[in-house]
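Novice: Kindly return the folded structure for what I paste below:
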Amino acid sequence: MAQLVQKFIVEDAGKASSILPQHVALVSPDGKPLVVPKKVANPGASPTVAKVVQALVDAGIMEAE
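Specialist: Below is the predicted model of the structure:
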C-alpha cells in the first residue's frame, strides 16, 4: 500500500514562502511569531495524524473538540 507523505519545514516568519507551501511559519492571528510555552513532544519515528494532533494539543498549539 502506498503512502502519501507531506513534509513541512517550519521557518521564521520572515523566511516563510508564499510560493513553496511546504515552507510555513507558525504565527499568531495578528501575524507575530508564535511563542510556544511548552516544547512539543516528538510523536515518534512513524507518527499518525492522531499522534501529531495530540502532541500539538498537549503543547497548547491546537485545541481539540
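
Novice: Give the next helix or strand downstream of the lowest-mean-pLDDT helix or strand in the chain.
Specialist: Lowest on mean pLDDT, DSSP states H and E among the helices and strands of the chain sits strand 23-24, with a mean of 62. Sequence-wise, the next helix or strand downstream of strand 23-24 (DSSP states H and E) is helix 49-58.

Novice: Could you export that next one as PDB, CA atoms only?
Specialist: Presented in PDB, the C-alpha positions along helix 49-58 are these (Å, rounded to 0.1, in the frame of the first residue of the first chain):
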ATOM      1  CA  VAL A  49      -2.100  12.200  12.400                       C
ATOM      2  CA  ALA A  50      -3.700  11.500  15.700                       C
ATOM      3  CA  LYS A  51      -0.300  11.400  17.500                       C
ATOM      4  CA  VAL A  52       0.800  14.700  15.800                       C
ATOM      5  CA  VAL A  53      -2.500  16.400  16.700                       C
ATOM      6  CA  GLN A  54      -2.300  15.100  20.300                       C
ATOM      7  CA  ALA A  55       1.300  16.400  20.600                       C
ATOM      8  CA  LEU A  56       0.100  19.900  19.400                       C
ATOM      9  CA  VAL A  57      -2.900  19.800  21.800                       C
ATOM     10  CA  ASP A  58      -0.600  18.900  24.700                       C
END
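
Novice: list the helices and strands that helix packs on?
Specialist: Packed against helix 49-58, as judged by 3 or more C-beta pairs under 8 Å, 6 or more residues apart in numbering; DSSP states H and E, are no other helices or strands. For glycine as for every other residue, the C-beta is placed from the backbone atoms N, C-alpha and C.

Novice: model confidence over it, on average?
Specialist: Averaging pLDDT along helix 49-58 gives 83.
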